[in-house]
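this is a predicted model, with the sequence first.
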Amino acid sequence: MFDFLLAAMLTVCAVPDTTVTLQNVTVKGQRQRDYQMRSSQSSVQVSHDYLQQHFAGSLMQTLESIPGVKAMSIGSGQSKPTIRGLGFNRMAVSEDGIKHEGQQWGDDHGLEIDQFAVDRAEVIKGPAALLYGSDAIGGVLNLYTNHVPTEPFSGAVQLFGRTNNEQIGLSAKVGGRHGRFFYRANMTLIDYADYRVPTDSIQYYSYYIRLKDQRLRNTAGLERDGSVMFGYAGYHFHTDVRISDSYSKSGFFANAHGLEVRLSDIDYDRSRRDIDLPYQWVNHLKVTSHTVWHNEATSLKANLAYQRNLREEHSEPISHGYMPTPDGSLERRFDKSTWTGIFSLTQQLGESHELNVGASTEYQHNRRSGWGFIIPDFETLSLGAYAFDRFTVCEHLKLNAGVRYDHAQTKIRSYHDWYKTPVSNRDSAYLMRSAELHRFFNSITWSAGINYATGYWVVKANVGKSFRVPIPKELGADGINYHIFRYERGNAELDPEESYQVDVGIHWDNEVFCIQIDPYLNYFPNYIYLNPTAEYVEGLQLYHYTQARVLRYGVEAQAIWRMNRHWESELKGEYLYARQRSGEKKGYTLPFSTPWSVDAEVKYSYDWRGEGFVKLNAHVVGAQNEIVPPEKPTAGYWTLNLAVGKDFSVRGKTVKLTLHADNLLNRRYYDHTSYYRLIDVPEPGRNVSLMVGMEF
């Protein structure tokens with residue numbers, strides 16, 4: 001058997017006795033092929049120039065042009081990432097190798113990361129728990145902000161704005177290198193007003209709400225980001241320390257927060273830039289250290305981090321249920337600290353064999369306060385170790401396989417209401433919302449893959465098992481989430497979520513055409529999700545966490561035609577199927593499942609007094625009739641979008657201008673994944689984004 005496999009590999013790697021003449025070969029094409037051969041998983045890497053050219057407000061809206069990647073918009077200025085329909089704690093966001101530990105379970109705020117400090121981004125589509133542990137069951141968004149400057153002094157300044165929410169912003173960065181020592185610093189300031197929708201009124205529980213100037217009241221906000229990094233870069237040794245702080249404050253749509261507008265003394269229509277009650281603010285402090293030592297055959301890495309995510313929600317003191325009118329406006333406060341350590345060794349075992357072993361640990365500590373309750377206090381500890389092996393049979397054929405073991409434990413603190421609730425005709429008591437809980441979880445995951453390249457083709461496949469530990473919210477939640485219009489209840493008996501997956505990637509590229517097809521399949525024996533019910537608690541629909549067998553499969557496809565040096569056209573699309581195979585909603589899909597979508601665009605590039613481009617895009621989304629009762633279907637829609645970019649040279653400095661016009665026709669439509677759809681709020685109307693940047 002071994003002789004047969006060896007002979008087959010040698011046949012695959014054999015060089016045919018023919019001569020192929022290639023014309024107009026570019027380094028870009030070779031780099032793309034080398035990147036595709038690095039991993040057996042479907043992945044896309046984008047540069048800093050790409051992020052500038054596709055600027056669309058938030059980082060995730062910028063990355064939405066990648067097939068399989070979606071931005072779940074939250075209010076006016078922020079959005080959450082999803083990959084292949086999986087988000088929140090089913091995908092990991094990594095910044096310079098450290099998993100970003102915000103409050104992923106919070107549905108109503110975005111990433112606490114300065115998008116203008118990002119040098120490049122990589123999207124790994126599909127399970128990546130082997131290297132990243134829990135939460136990477138759906139994919140990984142890798143962000144890199146640690147580019148080492150090469151000049152003694154350099155920098156950039158960017159001014160930007162958006163018309164729909166009257167956003168204005170400034171970002172600046174400087175850096176320099178002196179010998180082997182270097183530094184970098186970034187600063188970003190953003191302010192925005194209430195955003196506009198193409199309707200004069202919305203409906204919330206059969207109550208029609210008039211909108212002033214077609215704007216959602218109290219969705220204004222601001223963001224303040226800053227970071228500084230110092231480091232040493234030698235030939236065999238590199239180390240750096242980075243401190244970053246991200247602060248944002250944003251209002252909640254006032255009419256959705258218990259309809260206080262009818263009762264409140266606040267004049268929400270006084271100014272569209274005010275941030276009135278209810279609102280939230282979030283501050284994320286991160287201190288990270290990266291150290292690498294390497295020689296020709298060995299590489300040692302150590303990543304250490306401390307993160308503190310502090311969030312407060314403020315609302316008018318209004319009683320709910322048996323709660324008396326509380327003092328002050330602090331409804332909820334979450335204070336979460338995370339300590340992370342990641343260590344890895346990469347060893348070259350010959351010219352064609354590479355072994356990577358590593359270990360990681362993470363400890364989280366969360367404390368709550370305020371008169372409202374939804375998530376209890378908790379502590380979590382996780383430990384993991386893995387081994388990953390890459391073997392190059394020949395230049396055209398690469399194999400990889402790995403295994404990982406994880407142990408995690410979660411401790412949830414008990415919580416009782418601060419007010420009494422009647423429990424009989426005579427007695428009342430402080431009701432317990434969360435019971436003391438201590439759970440232990442263990443899991444073994446594995447992965448195996450293959451990459452094969454021949455001619456213009458690159459074919460790769462990956463199969464494996466991933467897992468996800470149930471988070472404290474899923475285990476112990478019990479309260480109202482006004483901002484997404486539901487009452488949520490946890491389940492202390494949840495098992496770790498597991499996934500078995502197959503990913504295939506087919507890539508064909510020459511100097512004229514590029515075709516990429518990525519089919520995938522996931523089977524979850526025990527998928528965790530919030531199940532909508534027909535029951536109402538304190539006036540809101542009850543959702544409770546449950547588990548079910550789930551089958552998901554889909555495909556992403558992309559085709560690019562480079563007609564000549566000026567014209568390029570692109571067609572891309574994606575489709576996802578999901579079905580519950582057990583449980584009380586057996587036969588239905590999953591809540592908020594993404595519908596199919598197709599993008600068609602044409603781009604004209606020119607070189608006249610600097611490089612420039614004009615791009616027109618048509619975005620088509622199908623109707624979503626696959627729902628989970630009592631969810632409602634969502635109609636399909638299409639939008640027309642325009643992008644223009646131009647580089648100028650001013651006194652030897654490069655000036656970049658990028659303009660995006662989204663929803664040019666100001667069409668009214670609903671996104672099936674948006675929580676605001678539940679209260680009849682359409683997506684934003686026409687929105688023009690402009691960025692002007694100068695490098696020096």
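Looks like it came in fine. These figures come from a predicted structure and were not determined experimentally. Numbers count the residues shown, from 1 in each chain.

for Q53, phi and psi?
Per-residue torsions, Q53: phi -70, psi -30 (degrees, to the nearest 10).

ignore what I typed, I meant R332.
Dihedral angles for R332 - degrees, to the nearest 10 - are phi -150, psi 140.

separation between it and H314?
For R332, the distance to H314 equals 9 Å [C-beta to C-beta, to the nearest Å]. No exception for glycine: its C-beta is placed from N, CA and C like everyone else's.

G328 too?
In this view, G328 and H314 are 9 Å apart by C-beta to C-beta.

who has more neighbours out of those two?
More crowded of G328 and H314, by other C-beta atoms under 10 Å: H314, with 22 against 9.

wait, that one sits on W371?
No - contact status for H314 versus W371: not in contact, 10.9 Å apart, counting by C-beta atoms under 8 Å.

common neighbours of these two, please.
Counting by C-beta atoms under 8 Å, 6 or more residues apart in numbering, the common neighbours of H314 and W371 are L330, E331.

helix or strand for the residue nearest the centre of the chain, which one?
Residue closest to the average C-alpha location in the chain (C-alpha atoms, centre = their mean): P81, at 2.7 Å. When elements are assigned from DSSP states H and E, P81 belongs to strand 78-83.

neighbouring strands - and their directions - for that strand?
Strand pairing for strand 78-83, using DSSP bridges, gives strand 69-74 (antiparallel), strand 86-87 (antiparallel).

buried ones in the following helix or strand past the last one, by neighbour count?
Spelled out, it's strand 86-87. Using DSSP H and E, the helix or strand that follows strand 86-87 towards the C-terminus is strand 92-95. By neighbour count with 16 or more other C-beta atoms under 10 Å, strand 92-95 contains the buried residues A92, V93, S94, E95.

okay, the closest residue to the second one other than its chain neighbours: pLDDT?
Spatial nearest neighbour of V93, excluding adjacent residues (C-beta to C-beta, 6 or more residues apart in numbering): H100 at 4.3 Å. At H100 the predicted local distance difference test score is 93.

report back the residue of the chain that's furthest from centre.
The C-alpha centroid of the chain is most remote from R426, which lies 50.9 Å away (C-alpha atoms, centre = their mean).

give me the phi and psi for it.
According to degrees, to the nearest 10, R426 has phi -110, psi -30.

and the pLDDT at it?
At R426, the model reports a pLDDT of 76.

quick one, strands of the stretch 401-550 of the chain?
If DSSP state E, counting those that start in this stretch is used as the criterion, the strands of the stretch 401-550 of the chain fall at 415-416, 421-422, 428-429, 432-434, 437-454, 457-468, 478-481, 486-489, 497-509, 513-537, 540-562.

for the fifth one, what is the average pLDDT?
Throughout strand 437-454, pLDDT has a mean value of 94.

could you list every helix and strand in contact with it?
helix 27-36, helix 129-132, strand 397-412, strand 457-468, helix 472-476 (3 or more C-beta pairs under 8 Å, 6 or more residues apart in numbering; DSSP states H and E).

how about I374, nearest residue that isn't a chain neighbour?
Excluding its sequence neighbours, the residue lying closest to I374 (C-beta to C-beta, 6+ apart) is G479, at 3.4 Å.

also A302?
Using C-beta to C-beta, 6+ apart and skipping the chain neighbours, the partner closest in space to A302 is T291 (4.7 Å).

number of residues surrounding the one you found?
By other C-beta under 10 Å, 17 other residues sit near T291.

is it correct that it is in contact with S299?
No - with contact defined as C-beta under 8 Å, T291 does not reach S299; the gap is 11.3 Å.

list the buried ones in stretch 369-377?
In stretch 369-377, counting by 16+ other C-beta under 10 Å, buried: G370, W371, G372, F373, I374, I375, P376, D377.

thinking again about what came up before, what is the nearest of the buried residues of strand 92-95 to D240?
Closest approach between the buried residues of strand 92-95 and D240, by C-beta to C-beta: E95, at 13.0 Å.

which strand residues bridge the closest one?
For E95, the beta-bridge partners under DSSP bridges are I98, L143.

if I look at it, how far off is Y419?
With the distance defined as C-beta to C-beta, E95 ends up 41 Å from Y419.
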